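# Prediction below, plus the sequence it came from.
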Amino acid sequence: VKQYSNGDDMTLPNQLSSPDANPKMLMKKHLTPEVYKALKDKKTAGGFTLHDLINSGLVNLDSSTGCYAGDEESYTLFAPLLNPVIEEYHSPYKLADGHTSDMNPDNVDAPDLDPEGSFIRSTRIRVARNLRGYPLTPNLSKEQRLEVEKKVVGVLTSLTGDLAGKYYPLSGMDEETRQQLVDDHFLFKKGDRFLEAAGVNKEWPEGRGIFHNDSKTFLVWVNEEDQLRIISMEMGGDIKSVLTRLCLAVNEIDKQLGFQQTKQHGYLSSCPTNLGTGMRASVHVKIPHASIHPDFKNICDQYHIQPRGIHGEHSESTGADAGVYDISNRRRLGLSEVQCVKDMYEGVKKLLEIEKDAI
Ligand code: ADP
Ligand code: CIR
């Protein structure tokens, strides 16, 4: 992990004054000279420093967030930086409010928004989770990573019915199979530069892998950005079916392993944007007109949804996929999993109204 050099106590890391630094980067915005001075020599009991916390944003000046936590203690020790980052991203949530989870799919009423299948290609819901008793991935040692993998795989291979499947470790997977899984939207990318600078990719690919059932509707990423990314996905727009499968799996894994959580932060994650529910509920949806509507960005903000390209975060939709977007809930903390799904649902409903009006 690259480090930076700094001058006297009050001098911010010089990368942040580069004209290339994204002025909206949350870490940059909230790392004032006072906060920097107060935190620069602090270290968690697990050895995680301010430098470790912010390195991803220093190396990647186009970051939107720019920091990754190394352990539960990072969230309290570095709170003068992280709390404003968290509260801005998950606005209007205030950490003092406290977070409540709701993984009961019966509380979601989400009739298919596109039963004819003209707009919505696929639906995916994932949650980020980390095991109690371990650091988060930026600060996880090789031994701990292997231990987490072993525990998780033990539980996953005991699942039955629709959730039964196999674990495919990344070590030893042939390149063609790996690339196909990425291209088909099932597996994480290799070499993400944000995670690389955060220290998450150490000893790659050891201890990483993917579990999935035969139909690839239930998948678990092991030891990528978070120890677990639990994913339910299927073609079409049946959000309730996707959520029901996810809840069944997450509740079972939780019962057997136990996830890190606090009252204020909900479920812990390495990236502050994933705190709380850790949930990103998304559809791949064809909206060539709505996406160029002058109010597109405002509508996304108003409905708390986030557009991405369809090849994962930081990708653009081009070529045959032009006009197809990944639309998901943006907020994840201070609202329940059920409400995250509702944010996505209401946002997509609105975008489809605009799209249909424009055709
Ligand atoms: P995350 O959901 O973990 O934040 P990414 O945005 O990087 O991660 O997406 C991970 C993968 O999941 C990518 O291959 C992406 O195309 C795929 N994906 C996301 N949403 C959907 C969806 N609704 N349908 C199909 N694939 C999806
Ligand atoms: C960044 O700061 O851009 C990356 N570390 C990813 C941040 C989380 N993603 C998001 O809000 N879209």
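Here it is on my side, so go on. Ligands and ions are numbered 1, 2, ... in the order given.

# where does the protein dip in pLDDT?
1-10 (pLDDT under 70).

# residues touching the spatially closest residue to Met25 that is not a sequence neighbour, list them.
Leaving aside its chain neighbours, Met25 sits nearest to Gly66 (4.6 Å; criterion: Cβ to Cβ, 6 or more residues apart in numbering). For every residue, glycine as well, the C-beta is placed using N, CA and C. Neighbouring residues of Gly66 by Cβ atoms under 8 Å, 6 or more residues apart in numbering: Asn22, Met25, Leu26, Met27, Lys28, Ile54, Ser56, Gly57, Leu58, Asn60.

# mind putting those in CSV, distance to ligand 2 included?
Below are those laid out as CSV (distance: Cβ to the nearest ligand atom, whole Å):
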residue, distance to ligand 2
Asn22, 8
Met25, 7
Leu26, 8
Met27, 8
Lys28, 10
Ile54, 11
Ser56, 6
Gly57, 6
Leu58, 11
Asn60, 7
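
# Looking at those, which are in helices?
Leu26, Met27, Lys28, Ile54, Ser56, Gly57, Leu58 (DSSP state H).

# in the lengthiest strand in the chain, what's buried?
Ordering each strand of the chain by length in residues (DSSP state E) puts strand 120-129 first. Burial within strand 120-129, assessed by neighbour count using 16 or more other Cβ atoms under 10 Å, is assigned to Ile120, Arg121, Ser122, Thr123, Arg124, Ile125, Arg126, Val127, Ala128, Arg129.

# near ligand 1, which of the residues you listed show up?
For ligand 1, the contacts drawn from the buried residues of strand 120-129 by Cβ under 6 Å from any ligand atom are Ser122, Thr123, Arg124, Arg126.

# re earlier: please pick the buried ones from the contacts of Gly66.
Looks like the contacts of Gly66 have Asn22, Met25, Leu26, Met27, Lys28, Ile54, Ser56, Gly57, Leu58, Asn60 buried, using 16+ other Cβ under 10 Å.

# Count the neighbours of Ala79 for me.
Neighbour count of Ala79, defined by other Cβ atoms under 10 Å: 16.

# give me every residue that touches it.
So Ala79 contacts nothing (Cβ under 8 Å, 6+ apart).

# Tell me the spacing between it and Phe218.
36 Å (Cβ to Cβ, to the nearest Å).

# go on, Ser141?
Taken as Cβ to Cβ, the span from Ser141 to Phe218 is 29 Å.

# and if you look at Asp162?
7 Å.

# Find residues that contact each of those two.
Arg245.

# Neighbour count: the two, which is higher?
Here Asp162 and Phe218 are compared on neighbour count by other Cβ under 10 Å; more neighbours surround Phe218, at 25 against 16.

# Run a quick neighbour tally on the nearest residue to the more buried one once chain neighbours are set aside.
Among residues not flanking Phe218 along the chain, Leu163 sits closest, at 5.2 Å (Cβ to Cβ, 6+ apart). Leu163 has 19 neighbouring residues, counting by other Cβ under 10 Å.

# Can you tell me which of the ones in helices among the contacts of Gly66 is nearest ligand 1?
Nearest to ligand 1 among the ones in helices among the contacts of Gly66: Ser56, at 15.1 Å, using Cβ to the nearest ligand atom.

# which residues in the stretch 151-300 of the chain form strands?
Assignment of strands within the stretch 151-300 of the chain using DSSP state E, counting those that start in this stretch yields the ranges 165-169, 209-213, 218-222, 228-235, 261-262, 266-267, 279-286.

# Give the full set of residues in contact with the residue of the stretch 201-350 of the chain found nearest ligand 2.
Nearest residue of the stretch 201-350 of the chain to ligand 2: Thr273, at 4.2 Å (Cβ to the nearest ligand atom). By Cβ under 8 Å, 6+ apart, the contact set of Thr273 is Thr65, Tyr89, His90, Arg332.

# Looking at those residues, state which has the most neighbours.
That'd be Arg332 among the contacts of Thr273, by other Cβ under 10 Å, with 30 neighbours.

# okay, now the closest residue to Pro105 other than its chain neighbours: neighbour count?
Residue nearest to Pro105 in three dimensions, not counting chain neighbours: Thr244, with 4.3 Å by Cβ to Cβ, 6+ apart. The number of residues packed near Thr244 is 17, by other Cβ under 10 Å.

# got the strands of the stretch 151-300 of the chain as JSON lines, with distance to ligand 2 columns?
Listed next are these as JSON lines, based on distance: least, Cβ to the nearest ligand atom, whole Å:
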{"stretch": "strand 165-169", "distance to ligand 2": "26"}
{"stretch": "strand 209-213", "distance to ligand 2": "21"}
{"stretch": "strand 218-222", "distance to ligand 2": "16"}
{"stretch": "strand 228-235", "distance to ligand 2": "13"}
{"stretch": "strand 261-262", "distance to ligand 2": "20"}
{"stretch": "strand 266-267", "distance to ligand 2": "16"}
{"stretch": "strand 279-286", "distance to ligand 2": "9"}
